[in-house]
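Student: take this sequence and fold it.
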Amino acid sequence: MIVGDGQGIWKTRSVHRKPLGDRWDPKTIELVRFPPWRTSDDDPNMDGELPAVIQIPVQRKEVQEELVNPRRTYLSKEDFEKLGYSGKCPGCRSILKGTARQGHSEECRKRMEKELVGTDKVDRTRYRESKFFENVLERDDKRRKEQARDLLSGPLRDEGDAPMVEDAGADKVEDDTVEMKDELKRPR
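Tutor: Next up, the predicted model:
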């Protein structure tokens, strides 16, 4: 096995692996300055020229945050023992029979959530749901603003003129709302 670092390159028979977090550190990659056929700058048996290192700029892609629907309130066996089972619910039947888990019916779930109102379990679920909806609304508002900005920065009247906001396809209606002209409406 050939091993290299900032001091040179050598052959070895055994290697101790680094911890997973330290294996691909960019600083250690920069320490390797020699190709395997050239062990050091003053190597008398060097073969060939030292290749030029080309630095490639790192291009970071903007990661779009994916919003995941929050989970519903977790209904435990203890909750059902305390508040009772539903007769026609497949989830309740599987708990009572001790068989593989089944999903609870919507009626059963609504009944249990109604009974559990005010508990920490339901309050945490409501908080997660409200945060999720805030994030969705915030993202949608941002997207709408970008679309409006793109619409307003559309074609210019003359080549040297700035875009005319009053000609951006909006007609004023009596109740102070803005109505879009047909040619500027975008399909959704």
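
Student: tell me the strands in the chain, going along the chain?
Tutor: For the chain, strands defined by DSSP state E occupy the ranges 2-5, 8-11, 170-172, 178-180.

Student: worst mean pLDDT among those?
Tutor: In terms of average pLDDT, strand 170-172 trails the rest of the strands of the chain, at a mean of 46.

Student: distance between the ends of stretch 21-29?
Tutor: Terminal residues of stretch 21-29 are spaced 14 Å apart (CA to CA, to the nearest Å).

Student: going forward, the N-terminal residue is numbered 715.
Tutor: Okay, residue one is now 715; in that scheme the one you just asked about reads as stretch 735-743.

Student: so for it, mean pLDDT?
Tutor: Rounded mean pLDDT across stretch 735-743 is 76.

Student: please apply the same query to stretch 847-865.
Tutor: 89.

Student: just the buried positions in that stretch, please.
Tutor: Neighbour counts over stretch 847-865 (16 or more other CB atoms under 10 Å) mark no residue as buried. For every residue, glycine as well, the C-beta is placed using N, CA and C.

Student: just the CA trace of it, in PDB.
Tutor: Provided in PDB are the C-alpha atoms of stretch 847-865 (Å, rounded to 0.1, in the frame of the first residue of the first chain):
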ATOM      1  CA  PHE A 847     -48.300  25.900   8.300                       C
ATOM      2  CA  GLU A 848     -46.300  29.100   9.100                       C
ATOM      3  CA  ASN A 849     -43.400  27.700   7.100                       C
ATOM      4  CA  VAL A 850     -45.600  26.700   4.200                       C
ATOM      5  CA  LEU A 851     -47.300  30.200   4.100                       C
ATOM      6  CA  GLU A 852     -43.900  31.900   4.400                       C
ATOM      7  CA  ARG A 853     -42.500  29.800   1.500                       C
ATOM      8  CA  ASP A 854     -45.600  30.500  -0.600                       C
ATOM      9  CA  ASP A 855     -45.400  34.200   0.100                       C
ATOM     10  CA  LYS A 856     -41.800  34.300  -1.000                       C
ATOM     11  CA  ARG A 857     -42.600  32.300  -4.200                       C
ATOM     12  CA  ARG A 858     -45.500  34.700  -5.000                       C
ATOM     13  CA  LYS A 859     -43.300  37.800  -4.500                       C
ATOM     14  CA  GLU A 860     -40.600  36.300  -6.800                       C
ATOM     15  CA  GLN A 861     -43.300  35.600  -9.400                       C
ATOM     16  CA  ALA A 862     -44.600  39.200  -9.100                       C
ATOM     17  CA  ARG A 863     -41.100  40.600  -9.400                       C
ATOM     18  CA  ASP A 864     -40.500  38.500 -12.500                       C
ATOM     19  CA  LEU A 865     -43.800  39.600 -14.000                       C
END
